[in-house]
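[1] Could you work out the structure for the sequence below:
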Amino acid sequence: MAVLLVCLVLSGCYLRQNVPVAVQIAGGNQSWFDAPLNGMTIPLAPYEIVLHAYSDSGVTQMELNANGELLTNLPNTAVPGQLAIFKYQWTPQSPGNYTLSARAQSGGGSWGGFTSVTVTVGNATDTPTPTQVATITLTPTWTLTPSPSQPGEVTFNREVSTNQFFYNGCNPDRVFLQVQVSDAVNVNSVVLFQKLEGQGWDSGTAMGNKGNGLFSVTIAGDSVPGHGDVQNAAWLHQFVATDRSGNVIGRSQTFNDVTLSRCGEIIRPEVATTVAPLVPVLPPIIKVITDTPSGPIIK
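    The predicted structure follows:
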């Protein structure tokens, strides 16, 4: 019994230690890398990739890619639950830079967004960069809520591909966003929050990390929550930056300069109507000539 209790305690500690630094997105279907971390250097040798995934409806499997090519689909063989861990023994074929990406499938069959890390594979004699796994306790309220930016925080330099995109078949049917953060060292992730004017904020979408503080994401018009309820609406969005421990260290302003429209709808500018002032119309002057003994009289 004593041995069993010790095993249970150690097992609980292990699970808490492997909860990611990246519990930075609220709810939804999310995944993250525990090992390797972004920017690491690992030897040219077999390496165990460790991932976690979370979904409100449970996690069924994880898809893992290297430089855009499928490595494997890992089924969730553990007891079904909202949080799942996956491990894969990866053998890099040659030295160089690799982008590892992964996404999870929920119990309902839908796939979440990709999460990615970039690593450098060196020689077999190299030693991997030491990793530090943060200890975070899971709570049922993993939430990042958009709010006004605060002075002294991380700043965002945004680029947007269009100021109007469409759903239901017209082009452009998506918008591409890219932000450069001012603190590339401490910012570990950037989350995009979105909503249509008059509606509520969504739970957030993790942006792809391009390195050196550059993050990007593409949003399709048909994927915007509540798009079917509007014909033309301002598409509001905000960026939230977190560090490796999941702490919010920067929020952008809320942008409202992009419009989402239903295909076939055209935004017509308001035409000002000018009303001419009323001019009174006077009756015509009638001249009547009357002959009198003293001469004609004009009335």
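
[2] three-state assignment of Phe33?
    Three-state call for Phe33 (DSSP: H, G, I helix; E, B strand; the rest coil): strand.

[3] What's opposite it in the beta bridge?
    Beta-bridge partners of Phe33, counted by DSSP bridges, are Leu51.

[4] just Thr99 next, same as before
    Taking DSSP bridges as the rule, Thr99 bridges to Thr118.

[5] list the contacts for it?
    By Cβ atoms under 8 Å, 6 or more residues apart in numbering, Thr99 lies in contact with Ala66, Asn67, Gly68, Ser116, Val117, Thr118. For the C-beta atoms, the positions are set from N, CA and C on the backbone; glycine is no exception.

[6] what about 6 Å?
    Thr99 makes contact with Asn67, Ser116, Thr118, according to Cβ atoms under 6 Å, 6 or more residues apart in numbering.

[7] what's the distance between Val258 and Phe165?
    As judged by Cβ to Cβ, to the nearest Å, Val258 and Phe165 stand 7 Å apart.

[8] and these two? which has more neighbours close in?
    Phe165 (23 against 19; other Cβ atoms under 10 Å).

[9] phi, psi of that one?
    Backbone torsions of Phe165, given as degrees, to the nearest 10, read phi -130, psi 170.

[10] Residue numbering should commence at 26 henceforth.
    From this message on, residue numbering opens at 26, which makes the last subject Phe190.

[11] residues in contact with it?
    Phe190 neighbours (Cβ under 6 Å, 6+ apart): Pro197, Arg199, Val200, Gly246.

[12] want to throw these into a markdown table with secondary structure, distance to Gly137 and neighbour count?
    Converted to a markdown table, the contacts of Phe190 look like this (DSSP: H, G, I helix; E, B strand; the rest coil; distance: Cβ to Cβ, whole Å; neighbours: other Cβ atoms under 10 Å):
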| residue | secondary structure | distance to Gly137 | neighbour count |
| --- | --- | --- | --- |
| Pro197 | coil | 24 | 13 |
| Arg199 | strand | 18 | 17 |
| Val200 | strand | 20 | 22 |
| Gly246 | helix | 20 | 23 |
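
[13] which one among those gets closest to Ala70?
    Proximity of those to Ala70 (Cβ to Cβ) peaks at Arg199, which lies at 40.3 Å.

[14] Give the burial count for the nearest residue to that closest one once chain neighbours are set aside, as a bare number.
    Leaving aside its sequence neighbours, Arg199 sits nearest to Ala245 (Cβ to Cβ, 6 or more residues apart in numbering; 4.4 Å). By other Cβ under 10 Å, 13 other residues sit near Ala245.

[15] I figured Ala245 hits Pro197, correct?
    No: using Cβ atoms under 6 Å, Ala245 is not in contact with Pro197, being 9.9 Å away.
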